[in-house]
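Chemist: quick one: sequence plus predicted model below, questions after.
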Amino acid sequence: MISHHNGNHPFLFFHGSYKKPLTTRNPFPLSPKVPSFPSSTATLVLQVSRVHFIHSHFSVKRLSRQVKGKVQDVLLDYLHSSRGYSFLDAEFISKNSPSFVQGLVSEFRGQDDDVATCLRKWLWYNPINEFEPFFESLGISPRELPLFLPRGMMYLSDDHVMLSNFHVFSNYGVPRNRVGKIYREAKEVFGYSNGLLLSKFRGYEKLGLSRSMVIKLVVCCPSLLVGETSVELAMVLDWLKKIGIGHDWIGNYMSCLKTYDPRKMLDAIQFFHKVGYSEEQMHNFFKENPALLLEGLEKKVYVFLGLAFKLDLNRNAIYSCFVEYPHILTKKCGKNLLGVIGFLHYVGMDIDDISRILSNHMHLLSSHPLKGPKAVCSQLKLRKADLCQIIKDDPLKLVSLASKLKQNSNLQLLRDDPSKHLEKTTFLLKLGYAENSEEMAKAIKRFRGRGDQLQERLPIGVRRGISGILVL
């Protein structure tokens, strides 16, 4: 009888279709913690999976490298020799399911040298739920396993369609440890009939994409494999070609840890085109800020830009501001700028003055969430018209009088001064950091003080025998 998943035991090893041995004698010298059952009709459940669950949530003693290697070899031999899976599959599963391996070992009492022998003998009598190590090896975490373990099945061969589609991914070149992400987000793909999945890959190759680009896309956008070939992606590729960006360019900036939506990419491209940006401007903008193309614009940003153009803000001025300060296009900054427009409209400022203030101070205003205009008027004991005139005369008063941020936020604005950033960058280049490298970015975030102060600090530490990097 196949037991179903229940809340008490999220990972179960079942006594499936294997016949019970004629003898009930314990076959190994050391005693595993196997629960006994009063009758032969009861389902035999070894709580290895319970320990697997515990290991995935709590601290469990780490295995020595020697013991881990022995257990992996036993699991490999079981999957390959006893269950008949290919050596490549068996090896990958055994080497890439550490929580499952830990769960197996934690069930046995005794010295490390005896664990492999005990486990090998135990597997003769107790088949495992093969989906557990398989899914873990694909990149699905032990915490997520209960969501994906199939009901009524314990052998991979029971779901030959899923296994066949897995091999299509693997043979095409999709890294095995990325297949789990596709299974998590587009599970129906693994139920495709023979040849359908491969035809999906070929369909995207016909759009002019290289195989490596197709692999990157299906990992980062699993939904592309559901339904027909994505019309949105085809339109994105056409637009990229039109503005002078190669098809494979976006693949260089995609992270396999994220999921992207071609529809959002298309919306971003079409929006900038509709509001009047030239193909050259779009080329330069997306080249400098690939994340804004890949992840699309937030709704708040679309709303702000729509209002900005209605206020007749100069498109070139906005474009220049976005190029210099691309973070303005984030959701938080878009929300702040919408707050500025609402605040100024409430106090009675006319459209021309609102447009002037936004054009001249967009970067600063985008960094400050504002209090409500009613609260500011009440706090300052001013009429709306008086507050409006104060801001007209000195737009920066809007920040000092209405910003929700504390005064020390001004220090952060100083830290963001491009000249200070340049001083630090120049200093790090002298120390041997590669320009625009990840190491330099981390160092800039961690260093305190101005670039000239860091320069003064360095000789003192070096004279004391400390390396330049450690001084910082």
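Modeler: Looks like it came in fine. Numbering: from 1, shown residues only.
Chemist: what ranges of this protein fall below the confidence cut-off?
Modeler: Along the chain, segments meeting pLDDT under 70 span 1-62, 107-113, 406-426, 429, 433-442, 444-472.
Chemist: could you pull out the strands for it?
Modeler: 13-14, 45-46 (DSSP state E).
Chemist: can you list the domains in this protein?
Modeler: Using automatic domain parsing, the domain parsing of the chain gives 13-154, 297-416, 418-471.
Chemist: and stretch 125-139, what's buried?
Modeler: 125-139 (16 or more other CB atoms under 10 Å). Where C-beta positions appear, they are placed from N, C-alpha and C, glycine not excepted.
Chemist: residue 349 reaches residue 388, doesn't it?
Modeler: Yes - Residue 349 is within contact range of residue 388, at 5.2 Å (criterion: CB atoms under 8 Å).
Chemist: between these two, which has more neighbouring residues?
Modeler: residue 349 (22 against 19; other CB atoms under 10 Å).
Chemist: OK, contacts around the more buried one?
Modeler: Residues near residue 349 by CB atoms under 8 Å, 6 or more residues apart in numbering: 357, 388, 391-392.
Chemist: hmm, try it at 7 Å
Modeler: 388, 392 (CB atoms under 7 Å, 6 or more residues apart in numbering).
Chemist: what's the neighbour count on residue 147?
Modeler: The local packing of residue 147 (other CB under 10 Å) involves 12 other residues.
Chemist: from residue 133, how far off is the spatially closest residue to residue 220 that is not a sequence neighbour?
Modeler: By the measure of CB to CB, 6 or more residues apart in numbering, the closest residue to residue 220 outside its immediate chain neighbours is residue 254, 4.6 Å from it. Distance, residue 254 to residue 133, by CB to CB, to the nearest Å: 29 Å.
Chemist: list the contacts for the closest residue to residue 214 other than its chain neighbours?
Modeler: Ranked by CB to CB, 6+ apart and with sequence neighbours excluded, the top spatial neighbour of residue 214 is residue 204, at 4.8 Å. For residue 204, the contact set (CB under 7 Å, 6+ apart) comprises 214, 217, 229.
Chemist: filter these to the buried ones?
Modeler: Looks like the contacts of residue 204 have 214, 217 buried, using 16+ other CB under 10 Å.
Chemist: including distance to residue 242, could the contacts of residue 204 go into a markdown table?
Modeler: Below are those laid out as a markdown table (distance: CB to CB, whole Å):
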| residue | distance to residue 242 |
| --- | --- |
| 214 | 21 |
| 217 | 20 |
| 229 | 20 |
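Chemist: can you tell me which of the contacts of residue 204 are in helices?
Modeler: Judged by DSSP state H, those include 214, 217 as members of helices.
Chemist: residue 364 contacts residue 400, correct?
Modeler: No - Residue 364 is beyond contact range of residue 400, at 11.0 Å (criterion: CB atoms under 7 Å).
Chemist: of the two, who's got more company?
Modeler: Just comparing residue 364 and residue 400: by other CB under 10 Å the higher neighbour count belongs to residue 364, 15 against 11.
Chemist: mind checking how far that one is from residue 394?
Modeler: 13 Å.
Chemist: and residue 144, by the same measure?
Modeler: Going from residue 144 to residue 394 by CB to CB gives 55 Å.
Chemist: look at those two and report which has more neighbours.
Modeler: Ranked by neighbour count (other CB under 10 Å), residue 144 and residue 394 place residue 144 first, with 15 against 10.
Chemist: list phi and psi for the more buried one.
Modeler: Backbone torsions of residue 144, given as degrees, to the nearest 10, read phi -90, psi -20.
Chemist: what's the local residue count around the closest residue to residue 363 other than its chain neighbours?
Modeler: Excluding its sequence neighbours, the residue lying closest to residue 363 (CB to CB, 6+ apart) is residue 325, at 4.8 Å. A count of neighbours around residue 325, defined by other CB under 10 Å, yields 17.
Chemist: helices along the stretch 51-200 of the chain, start to end?
Modeler: Using DSSP state H, counting those that start in this stretch, the helices of the stretch 51-200 of the chain run over 65-77, 87-95, 98-105, 112-125, 131-137, 145-148, 160-172, 176-185, 196-205.
Chemist: just give me how far stretch 366-384 sits from the chain centre.
Modeler: In terms of CA atoms, centre = their mean, to the nearest Å, the centre of stretch 366-384 is found 38 Å from the chain centre.
Chemist: cool, and stretch 149-162?
Modeler: 28 Å.
Chemist: give the buried residues for it.
Modeler: Those would be 149, 153-156, 158-159, 162, for stretch 149-162 by 16+ other CB under 10 Å.
Chemist: now do stretch 200-216
Modeler: 200-201, 203-204, 207, 209, 213-216.
Chemist: repeat that for stretch 74-84.
Modeler: 74-76, 78-80, 83.
Chemist: and if you look at stretch 371-383?
Modeler: Applying a neighbour-count criterion of 16+ other CB under 10 Å, one finds 373, 376-377, 382 buried in stretch 371-383.
Chemist: what of stretch 291-306?
Modeler: Result for stretch 291-306 [16+ other CB under 10 Å]: buried residues 292-294, 296-298, 300-301, 304-305.
Chemist: and which of those residues is nearest residue 106?
Modeler: For those, the residue nearest residue 106 by CB to CB is residue 294; the value is 42.3 Å.
Chemist: distance between the ends of stretch 97-115?
Modeler: Length of stretch 97-115, first residue to last, CA to CA, to the nearest Å: 18 Å.
Chemist: just give the closest residue to residue 340, not the sequence neighbours.
Modeler: residue 365 is the one closest to residue 340 (CB to CB, 6+ apart), at 4.9 Å.
Chemist: residues near the one you found, how many?
Modeler: 25.
Chemist: likewise for residue 281?
Modeler: 18.
Chemist: quick one: which two of the buried residues of stretch 291-306 are the most distant?
Modeler: Pairwise over the buried residues of stretch 291-306, using CB to CB, the maximum falls at 294 and 304, 20.5 Å.
Chemist: would TSV of the buried residues of stretch 149-162 with distance to residue 330 be doable?
Modeler: Putting the buried residues of stretch 149-162 into TSV (distance: CB to CB, whole Å) gives the following:
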residue	distance to residue 330
149	39
153	45
154	47
155	48
156	44
158	47
159	43
162	40
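Chemist: determine which two of those are furthest apart.
Modeler: Most distant of the buried residues of stretch 149-162, by CB to CB, are 154 and 162, 13.6 Å apart.
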